[in-house]
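A.B. asks: what follows is a predicted structure for the sequence shown.
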Amino acid sequence: MSIDPFRVRVRGPFAPFAAGFAGELARQGYTPLSAREQMRLLARLSRWLALEGMGVEDLGATEVDRFVRTRRAAGRQLRSIKALRPILAYLQSHGVVLPSPRAPDDPADELLERYQRYLAIERGLGKATADVYAQMVSPFLRHRLSSDGRALDLAGLAATDIVAFVVMHCPQL
């Protein structure tokens, strides 16, 4: 736990960064009130990561998006990516946050990432659970890739296709 000069307690993964971030806000000329709000946002982000079972190394674009959506759904203030920019810029300058998510390798990867976001945001599943679900769906999607690997063949997909795939792969599961 860390207490910054603006009297905000930061617990969780970002506690070690609190004092440095508070100093950076002061250096940039933030008013005490604005700096305190930024520190509260850092504290909330840190607590949210801890509740999600994630650490500093897990914070990426997808997680930031989930955090923003969670705040928005709760009707909170400071609920946009713009509000998080000072925090993200500070963390990036210390090598914590990836500047952007990696580009999907193929259409199956892109759909799997969308599926993971859906599970996390819409269904409220934790990152680890969403990852497991995506891993389970991955072989089916890879099976549906076109021969050149540039497109998914999902047009005309029927329940019988899914059942046939599951029956074929059940012994491996």
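C.D. replies: Here it is on my side, so go on.
A.B. asks: so who does Ala130 touch?
C.D. replies: If you count contacts by CB atoms under 8 Å, 6 or more residues apart in numbering, Ala130 has them with Tyr115, Gln116, Leu119, Ala120. Using the backbone N, CA and C atoms, a C-beta is placed for each residue, glycine as well.
A.B. asks: could you find the closest non-adjacent residue to it?
C.D. replies: Closest residue to Ala130 apart from its sequence neighbours, by CB to CB, 6 or more residues apart in numbering: Leu119 at 4.0 Å.
A.B. asks: so which of the contacts of Ala130 is the most crowded?
C.D. replies: Taking other CB atoms under 10 Å as the neighbour criterion, Ala120 ranks highest of these with 22 neighbours.
A.B. asks: spell out the secondary structure type for Ala108.
C.D. replies: The three-state label given to Ala108 by DSSP: H, G, I helix; E, B strand; the rest coil is helix.
A.B. asks: and it, how many neighbours does it have?
C.D. replies: By other CB under 10 Å, the residues close to Ala108 number 21.
A.B. asks: hmm, back to that, what is the nearest of the contacts of Ala130 to Leu157?
C.D. replies: When the contacts of Ala130 are compared for distance to Leu157 (CB to CB), Tyr115 wins out at 14.9 Å.
A.B. asks: following the one helix or strand the closest one maps to, which helix or strand comes up?
C.D. replies: In the assignment (DSSP states H and E), Tyr115 maps to helix 107-121. Following helix 107-121 in sequence order, the next helix or strand is helix 127-143 (DSSP H and E).
A.B. asks: tilt between that next one and helix 107-121?
C.D. replies: 150 degrees (axes from the mean of the first three to the mean of the last three CA atoms, to 10 degrees).
A.B. asks: continuing past helix 127-143, what's the next helix or strand?
C.D. replies: With elements assigned by DSSP H and E, the helix or strand that comes after helix 127-143 is helix 159-169.
A.B. asks: quick one: contacts for Met54?
C.D. replies: Contacts of Met54 (CB under 8 Å, 6+ apart): Pro13, Glu63, Lys127.
A.B. asks: hmm, the first one is touching Val56, no?
C.D. replies: Yes: the criterion here is CB atoms under 8 Å, and Pro13 meets it with Val56 at 4.6 Å.
A.B. asks: give me the more crowded residue out of the two.
C.D. replies: More neighbours surround Pro13 than the other of Pro13 and Val56, with 20 against 17 (other CB under 10 Å).
A.B. asks: quick one: the more buried one and Asp106, what's the gap?
C.D. replies: Distance, Pro13 to Asp106, using CB to CB, to the nearest Å: 32 Å.
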